[in-house]
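*Asks:* Let's see this in three dimensions:
(one chain, ligands or ions: 1)
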Amino acid sequence: MTQPLILVISDVKPLDGYDWHAAPSTYLQALIKGANAIPVILPSFGTEIDLEAVLNRVDGVLATGSRSNVNPKLYGQEPTEANGPYDLDRDATSLPLLRLAIDKGIPVFAICRGMQELNVAFGGTLLTEIQELEGRTDHRAPTSGDQDERFRIAHPVEVKPASQLGKAVQNQSIEVNSLHRQALGELGTGLEIEAQAADGTIEAVSVKGAKGFVLATQWHPEYWFASDGPSKKLFSAFGDAARHYAANK
Ligand SMILES: N[C@@H](CCC(=O)NCCCC(=O)O)C(=O)O
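*Replies:* The predicted model follows:
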């Protein structure tokens, strides 16, 4: 069985006096063992890299989570110190990459910041510091130095029946982790809600009429892919979609 190549969007972070283009190992492990795929990290140089040329060589795109926020200027608002940090290089890469991949029918899985990028890429907006909004609960990670604790299961989400997510996880209510202070506001063009939390926070979306597999989750299935049923099913479904794309492109 062929192992599809999955492009992984990178963050740009300073370390030892350099800028590093990097992605957390948890996403890479989930692709290798959960999707039976080969991850390929794309440096975030925006359109300095011919993104179409890169996409012609891969079978899927994974947009990871990140502690940085999408630049509010990209959805008509002003950046502030409080609502950072930002990663302009990642934004300049992920938004055009996601639009192009979906237009070409390349399977896309977008997680947390990745789902927020997808929404902004299609003209939507984001809410910020949602824990301060009337009627919203706190969706931030627990304050802990232990990653398992930070990524612990936090709340249920209700999955829309007959949705792409519903077909993948075979359940209408699943328990998810939660590590975010932003959420989708106005939906981008063509995006459809696939799951919501009890406080109305959008937890998963797809793209109506997409040529290929497109799924985005606000939670982090990569972290518990080896032990959590729905997480395992999501990465397996993504890997199958990428294999199908590779076999038929
Ligand atoms: N910054 C955005 C997106 C949240 C996100 O991708 N969280 C993953 C962070 C992983 C970690 O904290 O280790 C938001 O806050 O909504």
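*Asks:* per-residue confidence averaged over the longest helix seen in the chain?
*Replies:* Counting residues, the longest helix found in the chain (DSSP state H) is helix 229-248. Averaged over helix 229-248, pLDDT sits at 98.
*Asks:* contacting residues for residue 172?
*Replies:* 158-159, 161, 166 (CB atoms under 8 Å, 6 or more residues apart in numbering). Bear in mind the C-beta positions are built from the backbone N, C-alpha and C, glycine included.
*Asks:* Looking only at stretch 101-110, what residues are buried by neighbour count?
*Replies:* Of the residues in stretch 101-110, 101-102, 106-110 count as buried by neighbour count, 16 or more other CB atoms under 10 Å.
*Asks:* from the middle of its chain, how far away would that stretch be?
*Replies:* The chain centre lies 12 Å from the centre of stretch 101-110; the measure is CA atoms, centre = their mean, to the nearest Å.
*Asks:* coming back round to it: go back to the buried residues of stretch 101-110 and keep what's next to the ligand.
*Replies:* The subset of the buried residues of stretch 101-110 within reach of the ligand, by CB under 6 Å from any ligand atom, is empty.
*Asks:* from the residues you listed, which ones fall inside strands?
*Replies:* Counting by DSSP state E, the members of those that fall within strands are 108-110.
*Asks:* a markdown table please, covering these and showing pLDDT.
*Replies:* What follows is those, written out as a markdown table (pLDDT from 0 to 100):
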| residue | pLDDT |
| --- | --- |
| 108 | 98 |
| 109 | 98 |
| 110 | 99 |
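*Asks:* that's a strand at residue 194, yeah?
*Replies:* Yes - assessed with DSSP: H, G, I helix; E, B strand; the rest coil, residue 194 lies in a strand.
*Asks:* So which bits of this protein are right by the ligand?
*Replies:* Counting by CB under 6 Å from any ligand atom, the chain sits next to the ligand at 65-69, 112-113, 116, 141, 179-182.
*Asks:* hang on, the earlier thing: could the buried residues of stretch 101-110 go into a markdown table alongside distance to residue 11?
*Replies:* Formatted as a markdown table, the buried residues of stretch 101-110 follow (distance: CB to CB, whole Å):
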| residue | distance to residue 11 |
| --- | --- |
| 101 | 18 |
| 102 | 21 |
| 106 | 21 |
| 107 | 22 |
| 108 | 18 |
| 109 | 17 |
| 110 | 14 |
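*Asks:* Considering these, which is situated nearest to the ligand?
*Replies:* residue 110 (10.1 Å; CB to the nearest ligand atom).
*Asks:* Around residue 204, how many other residues sit close by?
*Replies:* If you count neighbours by other CB atoms under 10 Å, residue 204 ends up with 29.
*Asks:* same deal with residue 125?
*Replies:* Neighbours of residue 125 using other CB under 10 Å come to 19.
*Asks:* What's the separation between it and residue 182?
*Replies:* 10 Å (CB to CB, to the nearest Å).
*Asks:* How about residue 164?
*Replies:* Noted for residue 164: a distance of 23 Å to residue 182, by CB to CB.
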